[in-house]
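S.K.: give me the fold of what follows.
(6 chains)
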Number of protein chains: 6
Amino acid sequence: MATIVGSPLPNMPWEERPATGSDVVWRSSRNPIIPRDLLPDSNSIFNSAVVPFGDGFAGVFRVDNKKREMRIHTGRSQDGVHWQIDPQPIEFITAAPELKPCEYQYDPRVCWLEDRYYVTWCNGYHGPTIGVGYTYDFETFYQLENAFLPYNRNGVLFPRKIGGKYAMLNRPSDTGHTPFGDIFYSASPDLCHWGCHRHVMSPTRRWGWQSTKIGAGPTPIETTQGWLLFYHGVLTSCNGFVYSMGAALLDRDEPWKVRYRATPYLLAPWELYECVGDTPNVVFPGAALTDAPSGRIAIYYGAADTVTCLAYTRVDELIAFVKANSES
Amino acid sequence: MATIVGSPLPNMPWEERPATGSDVVWRSSRNPIIPRDLLPDSNSIFNSAVVPFGDGFAGVFRVDNKKREMRIHTGRSQDGVHWQIDPQPIEFITAAPELKPCEYQYDPRVCWLEDRYYVTWCNGYHGPTIGVGYTYDFETFYQLENAFLPYNRNGVLFPRKIGGKYAMLNRPSDTGHTPFGDIFYSASPDLCHWGCHRHVMSPTRRWGWQSTKIGAGPTPIETTQGWLLFYHGVLTSCNGFVYSMGAALLDRDEPWKVRYRATPYLLAPWELYECVGDTPNVVFPGAALTDAPSGRIAIYYGAADTVTCLAYTRVDELIAFVKANSES
Amino acid sequence: MATIVGSPLPNMPWEERPATGSDVVWRSSRNPIIPRDLLPDSNSIFNSAVVPFGDGFAGVFRVDNKKREMRIHTGRSQDGVHWQIDPQPIEFITAAPELKPCEYQYDPRVCWLEDRYYVTWCNGYHGPTIGVGYTYDFETFYQLENAFLPYNRNGVLFPRKIGGKYAMLNRPSDTGHTPFGDIFYSASPDLCHWGCHRHVMSPTRRWGWQSTKIGAGPTPIETTQGWLLFYHGVLTSCNGFVYSMGAALLDRDEPWKVRYRATPYLLAPWELYECVGDTPNVVFPGAALTDAPSGRIAIYYGAADTVTCLAYTRVDELIAFVKANSES
Amino acid sequence: MATIVGSPLPNMPWEERPATGSDVVWRSSRNPIIPRDLLPDSNSIFNSAVVPFGDGFAGVFRVDNKKREMRIHTGRSQDGVHWQIDPQPIEFITAAPELKPCEYQYDPRVCWLEDRYYVTWCNGYHGPTIGVGYTYDFETFYQLENAFLPYNRNGVLFPRKIGGKYAMLNRPSDTGHTPFGDIFYSASPDLCHWGCHRHVMSPTRRWGWQSTKIGAGPTPIETTQGWLLFYHGVLTSCNGFVYSMGAALLDRDEPWKVRYRATPYLLAPWELYECVGDTPNVVFPGAALTDAPSGRIAIYYGAADTVTCLAYTRVDELIAFVKANSES
Amino acid sequence: MATIVGSPLPNMPWEERPATGSDVVWRSSRNPIIPRDLLPDSNSIFNSAVVPFGDGFAGVFRVDNKKREMRIHTGRSQDGVHWQIDPQPIEFITAAPELKPCEYQYDPRVCWLEDRYYVTWCNGYHGPTIGVGYTYDFETFYQLENAFLPYNRNGVLFPRKIGGKYAMLNRPSDTGHTPFGDIFYSASPDLCHWGCHRHVMSPTRRWGWQSTKIGAGPTPIETTQGWLLFYHGVLTSCNGFVYSMGAALLDRDEPWKVRYRATPYLLAPWELYECVGDTPNVVFPGAALTDAPSGRIAIYYGAADTVTCLAYTRVDELIAFVKANSES
Amino acid sequence: MATIVGSPLPNMPWEERPATGSDVVWRSSRNPIIPRDLLPDSNSIFNSAVVPFGDGFAGVFRVDNKKREMRIHTGRSQDGVHWQIDPQPIEFITAAPELKPCEYQYDPRVCWLEDRYYVTWCNGYHGPTIGVGYTYDFETFYQLENAFLPYNRNGVLFPRKIGGKYAMLNRPSDTGHTPFGDIFYSASPDLCHWGCHRHVMSPTRRWGWQSTKIGAGPTPIETTQGWLLFYHGVLTSCNGFVYSMGAALLDRDEPWKVRYRATPYLLAPWELYECVGDTPNVVFPGAALTDAPSGRIAIYYGAADTVTCLAYTRVDELIAFVKANSES
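M.R.: The predicted structure follows:
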């Protein structure tokens, strides 16, 4: 049976599956846990990232303000459900003045790696690319070089070195609402220079929900059976994009090799808060908390590009589901 | 006064027009009659077709599963409102192995013709075309040759031969979310080879709701005044397609000649279940039940590409409306 | 402190800001004040214009009927909130037979100028352009020449001559769902011939809500600090256009010079009636009533291209907000 | 060794391969054999079809006039190189008045079948579809029903029944400059009703010259090794479409099965008359003459959508080339 | 018989129709009369305008330099064939500083009107619109207000007032390589304010060479039978736009009424210098010289957006051709 | 005066500027030096790279074969003008099996760096990216990891380390005929991992010939005044892309800083072999030979995506030209 290779986190948010449900992933009854107007100036708070921190939780949050600027903010929570978000965007300290003028920042991920919390996000530098930074305390943030050339989105670090190098999933893109997109894997000796790029997986015409493009979601979760990857898939309806969430199991040592990939989605826009908002029909996972002993997983996801939500699953059930619904 | 040329069907679903309403077509108070999650694995159930069968009703249903595969399933109902749908897609028996690999099947119609129930649907064979099959019992289904070359959608059989040949309305298309589309009429001596294609009607720039494309809905209803055709029309807003339902009266002997065509729509997306879902703003009629003596008509339609709904009208009122609102 | 240069209008619609709110513009609790089905034949009533008239109010309303024809109708109200709308579209009297065949009319504005009420609207004449007409009594309407060549939309007159000429804001467009659009200023000695076109302002890539196109809303409001202009801005999401409302302060003598322009929006689609409807996610201001002594402003706006709504603000607060949130 | 299953035609046009060349297909030194201005009113004469007739040759020619109307004309020649073309377009006699109004006619093929010459062409009937007609004498022409629904192009008859039915290759299309296109096979008992549609072959991303779309050229040539099909393939450069000519060998009894398909092109736009003209970079084969005893083949092709040209090959060399350059 | 209402110009360029030709318009044997590299810095010289001046000729020329900036230059010639072009672009004197920064200027026309030479051109002012200026001596040039709002191209003045007002043909456009375009007529009391816009003519799907867009060419030539208008029409091939030249006869008093319009083109890209260059396949007329007594007309046209050419016709033959080839 | 920092190369190809010319760059009188059919199977040979080798020259050549596969071949020449090209594509030896399946290879550059010849090219790996390899002898070639993630083109190495790292110019792209494109600079400690990406320059709307996209050409040439970069710029006409050649001078130590950039092009498609071919209107520089003592530069460029050509300049004249024609 699959177990999580990780630490206990007994205080993580949790709700049992509703008695009437049988889905392998279920929503929090408190959704949306972060409303769009939590800050006086916020237009929307979504596609955000959360990690355990101290005796509670910290995170980096995408906040679009009422100018519709895209910025990332830090936040704190005791229970992972109720959040205090800093009204000011993160100001990174960086040694490279060329990186300084911030065009935009969005869709952050946070990853505990070795001795600090790394933040990756979609960073505007002559087009969208992957910004990289770190913090020890969620108060002071340092910015490193952008990982890649434009145009890239959904850069997601692995929580440990693999094959002796740092590793990042990412999604080469174009300058706009990219109508294509595969997940790639890149490696780095120093978190500054990246190479050995490997193709991981493509959208599939056959499974409609992920037929246009795909992109990694939360930091991959190490399990005894491989890296558990939640990711989003996009369908193009005659009324635009529909974002759903799925899962795959990547090889533990060569994570660019997909061992299993569930053909059905795990979560798709059904609830009003997922179907109505700034971008209708979006479920976009960006972070997960795990409690290794119990196998509990809490997934943070953005809904309708407007609010932040929570969903739950258990690692053993989920991996059984992924395997049972995979095709070779 | 117009009457239906058909059989009695006293047990068909029926609700009177609400006291406060005056529209010629009105919604069921029980909408949506089929929820998207009726099956454990269903993402959505919509754009479906129903006929009287035995002392109740049977049908063929479009079910998109959570892989977002498009499949058609059979179903049964006592009252036409509460449905049991087979969790497995229809497996057609066919003699032509080239037709076997099923790419996708959607938007079925069912038509009682001579001695059996014919099913037509949008069938994936190197692009969308019109699949044709039949059943005697809604248990065993046989597949014939595809009626046409790709790319075609919305193939709808007439319930009897016309001019000595089988007849089908259809909508030539392209490979994607086709931004154009006229209704054509095709004839066949054998339900295998089709020809004598005639243009029936085009979208009209003037009546916005049907300005992008149009497509036949339920099996045409024979009346003393011609074939009553419900059809969908599509408007292109800056946020995508909007599907509404209208009606026309086709010549009884040369149905490619449009006698009357109502310029207003009969039903457009107003209710939340029509405006919110996998494809917002869709009303898509696919079947109708009629009771000739009373003139009652119950129309099954898909809403928001997500759920199945019912609406009602009376043939005399409706035809009067079509005539009164037609333009020469 | 900024004050309105205008008349008292003590009977204008008004509601105080909700106790829990702090936004500079707030919605009416009675929204939508005009439902889509106010007329038997109406599909939607929105993007409409209102002025004080007699001891109450009159207006010109965009009514799309169930043919999805776009027409403008006149209406009356005692309180500015409850409206009687003429079921018949306005029939203009015009001397130029070439202008007669009405292709379509939409998005009207009304402006009291010198001795009568001028109406401008988007008029179909081989493409969208700005129709101009007038009335003394909201019963008989006269049509003048179209102000401009196609393709133009959002023509908005100033309520007095400027520099000795009539003046109109407008938005050059293309033939479809124009994906660009700046506001221009044009002048005329006679309301027939127009020239001296000046560029006023462009969309801005930086403030996302107004990054695709912008267009003037209500008749500019003269204040001691310049012309207060409410306008709409459009963002292009992967699911289509999102319309929000913002404000700018134009130079009083040379109104093509923008003195201040608020970078955040004032109102964006948040409420269900703004997010769901014929065109999801639309807030489109078209008229404003003002009470000079109190500084009260009531803004009429279309929501979701479906219904008509009201929002409120105070001139001093608003202008302070615009100045405080402007960038040079 | 492959031989042609057909008649002798010793007087067919012929030139030996130039001494300096080694290509399997070579151009006529007299190209273009038909100039664009052969008729006083012609803008261009190209994409035309030729058959043996009497002691010489006859044909049907695409002539675009200086209105840029597309029409087909008949023509005669003693030697197959010098042509007299009727200045008037063909007037078809038809029993179906619905087919009468001629929108446009282009890209004809001619095929001797049983007892007469059949003509197929791209026929405008609410979009492009395949027109079918016949003549006994190239003076009187009769029009049958269109073979298919719109949208279709490049309909090419086989010169005998196959499996007891008439057979036609064709290319489903869309309404414009279709950016996709596969070759299909359709069968008919009566040349009026068509069915049993089979997919034959697709463009291939790998062989760039045929990566966008493909379409059948001359009437397939029966050989002892299968049906020899010349066809055009299209590449999309950053400056538009490039049309080249290739060849495949289809199964003799089930011609929808491709036995061999040469991966290189046989002829591509190299000469100035192929690279410069109304549509630069077009080589479009439409007819072939064959002399069975000698194996000589003369291919008529349109160049740059402007003029008509000739190229030559020998069946044994060509089929050897196709086999040697095919991939399974 | 039609005659030109105008002055003698015996020294205008002239060559008789080649003995072998029968076309109503024929090319100069000296084409291109202005090579692309006449100036040291010129990339191309085309789409230019010429008038009689003194005892010779003067003109305004579109010169794209090697930066590919589009500018207009003045030039002089004794014979209308050999030209000296000023290496510096025209510097206009203007009173309106807002008009000063020159984004680009192209496709000029020159028109003698009342007492001076007016120049109109496509002027970059927040998009392409119609610039207006004048000169008395082709040395000093004055710039007036832009005639219209963006987006407009091909503004062509009439050489006298009509109905008491100045008059201009023009072509509303969009921001790019506009894929549509009708000719309109606008009137002005003062050459500053314009109104009374009338639709003149549209592209026609039927006559392919003018099926995408059309635009006025030289200053209309007054004849006893109406205004003779040369104009360009555009066809969209799969490899881009093809520009040809046609002619129409407009009502003398109400020139927005088209009396005759030739369905064939008069000149289309056939010669290498018209088919090959910066924009292949362009024939673009911009000016004409006329000798009233003889009826001779010399047309200046740009070829392939690269060089300047001459063609000739006679007014009586031409008008006879237009009438004979017109359709009501 | 600017001089080249490099070696003598007295035997490089050279022709003096024609007496009649004054352009700073001039064409070889022997163009095209490599015809499209140099190899029996070649469709075109262009966009190729040349270096001094032994007592002559060697190179890597883009050869598209008649399947329209894109491959790179090696070649040798005594004089740099007459070439022997290997009929077989280069087979790289590589340790990473994931890189092995060759989708396509095109537009190579060759750079002598430290102790060997490095080859970079556009390499198909789930989209176009930059392949990197090396050879010592132009017989055996080794392939390293791709430098970047897709989608990238025009990767050009600097001939020495800069700031202690290897350096490469490159052009992030999309999956197709990319309609945008800036030049970036990336650095690497090991030619495997790349980072510290810096933006170098963008297309400019103002200088039309480089308004759509730009891309580095030959290996930058070190001069006493900075790195001399030849690059291509693209203009989008209504008939597609036009490629021209320009030059810039980059900072010697921080080459992402542009010191001078000539606003006019140096060479644009004028000759028939540049205007007519597989892609009309292409001048695409890919390599340069230099003789430091004399300052001679020979530039190899592809013409019309069909043939290979030569042009010449002198370093002092050229740099003077770049400076004189630059804008700050």
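
S.K.: spell out which parts of chain A neighbour chain B.
M.R.: Neighbours of chain B within chain A, by Cβ under 8 Å from any Cβ of the partner chain: A:22, A:206-209, A:211, A:235-240, A:242, A:263-265, A:268-270, A:272, A:275-276, A:280-281. For every residue, glycine as well, the C-beta is placed using N, CA and C.

S.K.: on the three-state scheme, the residue of chain A found nearest chain E is what?
M.R.: Residue of chain A nearest chain E, by Cβ to the nearest Cβ: residue A:176 (16.5 Å). Of the three states, residue A:176 takes coil under DSSP: H, G, I helix; E, B strand; the rest coil.

S.K.: list only buried entries from the residues of chain A next to chain B.
M.R.: A:207-209, A:211, A:235-240, A:242, A:263-265, A:268-270, A:275-276, A:280-281 (16 or more other Cβ atoms under 10 Å in any protein chain shown).

S.K.: which of those fall within helices?
M.R.: residue A:275 (DSSP state H).

S.K.: in the stretch 101-250 of chain A, what spans have low per-residue confidence?
M.R.: Across the stretch 101-250 of chain A, nothing is flagged by pLDDT under 70.

S.K.: my read: residue A:29 touches residue A:15, true?
M.R.: Yes. Applying Cβ atoms under 8 Å, one finds residue A:29 in contact with residue A:15, separated by 6.2 Å.

S.K.: okay, the one residue sitting closest to the centre of chain A and chain C: tell me how far apart.
M.R.: Central residue of chain A (Cα atoms, centre = their mean): residue A:286, 2.2 Å from the mean position. Look at residue A:286 and chain C: by Cβ to the nearest Cβ, to the nearest Å, they are 17 Å apart.

S.K.: and for residue A:88?
M.R.: 16 Å.

S.K.: skipping adjacent residues, who's closest to that residue in space?
M.R.: Distances taken as Cβ to Cβ, 6 or more residues apart in numbering or on different chains place residue A:73 nearest to residue A:88, at 7.1 Å, with adjacent residues excluded.

S.K.: could you look up the SS state of that neighbour?
M.R.: Once three-state DSSP is applied, residue A:73 turns out strand.

S.K.: mind checking pLDDT for it?
M.R.: You'll see residue A:73 listed with a pLDDT of 98.

S.K.: separation between it and chain C?
M.R.: From residue A:73 to chain C the distance is 16 Å (Cβ to the nearest Cβ).

S.K.: neighbours around that residue, how many?
M.R.: 22 (other Cβ atoms under 10 Å in any protein chain shown).

S.K.: wait, it sits on residue A:65?
M.R.: No. Residue A:73 lies out of contact with residue A:65 (Cβ under 8 Å); the separation is 9.9 Å.

S.K.: overlap in contacts of those two?
M.R.: residue A:39 (Cβ atoms under 8 Å, 6 or more residues apart in numbering or on different chains).

S.K.: tell me how far residue A:31 lies from residue B:304.
M.R.: 21 Å (Cβ to Cβ, to the nearest Å).

S.K.: er, residue A:85 I mean
M.R.: 33 Å.

S.K.: so between the two, which is more surrounded?
M.R.: Using other Cβ under 10 Å as the criterion, residue A:85 and residue B:304 rank with residue B:304 on top: 28 against 21.

S.K.: ok, the closest residue to the more buried one other than its chain neighbours - contacts?
M.R.: Excluding its sequence neighbours, the residue lying closest to residue B:304 (Cβ to Cβ, 6+ apart) is residue B:277, at 2.8 Å. If a contact means Cβ under 8 Å, 6+ apart, then residue B:277 has A:275, B:36, B:44, B:303, B:304, B:305, B:306, B:307 as its contacts.

S.K.: what residues are up against the fifth one?
M.R.: Contact criterion Cβ under 8 Å, 6+ apart gives B:46, B:269, B:273, B:274, B:275, B:276, B:277, B:278, B:279, B:280, B:281, B:282 as the residues in contact with residue B:304.

S.K.: just list whatever residues bridge to the last one.
M.R.: The reference is to residue B:282. residue B:243 (DSSP bridges).

S.K.: next up, the contacts around it.
M.R.: B:241, B:242, B:243, B:269, B:274, B:302, B:303, B:304, B:305.

S.K.: out of these, which comes closest to residue B:151?
M.R.: Each of the contacts of residue B:282 was scored against residue B:151 by Cβ to Cβ, and residue B:241 proved nearest at 17.1 Å.

S.K.: what does chain A have sitting close to chain C?
M.R.: So chain A meets chain C at A:36, A:40-41, A:43, A:64-70, A:177, A:239-241, A:276-281, A:305 (Cβ under 8 Å from any Cβ).

S.K.: filter the residues you listed down to the buried ones, ChimeraX style.
M.R.: Buried residues within these, by 16+ other Cβ under 10 Å, are selected in ChimeraX with:
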select /A:36,43,64,65,66,67,68,69,70,239,240,241,276,277,278,279,280,281,305
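
S.K.: for chain C, see how far away residue A:157 is.
M.R.: In terms of Cβ to the nearest Cβ, residue A:157 sits 26 Å off from chain C.

S.K.: not counting its neighbours along the chain, what's nearest that residue?
M.R.: Spatial nearest neighbour of residue A:157, excluding adjacent residues (Cβ to Cβ, 6+ apart): residue A:111 at 4.2 Å.

S.K.: which residues touch that neighbour?
M.R.: Residue A:111 touches A:51, A:117, A:118, A:119, A:120, A:156, A:157, A:158, A:159, A:219, counting by Cβ under 8 Å, 6+ apart.

S.K.: repeat the analysis, applying 10 Å as the threshold.
M.R.: A:49, A:51, A:117-120, A:134, A:156-160, A:168, A:218-220, A:287 (Cβ atoms under 10 Å, 6 or more residues apart in numbering or on different chains).

S.K.: the residue in the stretch 1-150 of chain A positioned nearest to chain C in helix, strand or coil?
M.R.: Nearest residue of the stretch 1-150 of chain A to chain C (Cβ to the nearest Cβ) works out as residue A:68 at 3.0 Å. Per three-state DSSP, the local secondary structure of residue A:68 is coil.

S.K.: which residue is the nearest non-sequential neighbour of it?
M.R.: Residue A:68 sits nearest to residue C:208 (Cβ to Cβ, 6+ apart), 3.0 Å away.

S.K.: so residue A:196 is in which element?
M.R.: In the assignment (DSSP states H and E), residue A:196 maps to strand A:195-201.

S.K.: so after that strand, what's the next helix or strand?
M.R.: Per DSSP H and E, the helix or strand that comes after strand A:195-201 is strand A:213-216.

S.K.: adjacent strands (with direction) for that following strand?
M.R.: With DSSP bridges as the test, strand A:213-216 pairs up with strand A:226-237 (antiparallel).

S.K.: who's in contact with the residue lying closest to residue A:319 once chain neighbours are set aside?
M.R.: Excluding the flanking residues, the one nearest residue A:319 by Cβ to Cβ, 6+ apart is residue A:2, at 4.0 Å. Counting by Cβ under 10 Å, 6+ apart, residue A:2 makes contact with A:223-226, A:228, A:249, A:295, A:314-320, A:322-323.

S.K.: what subset of those residues is buried?
M.R.: A:223, A:225, A:226, A:228, A:249, A:295, A:314, A:315, A:318, A:319, A:322.
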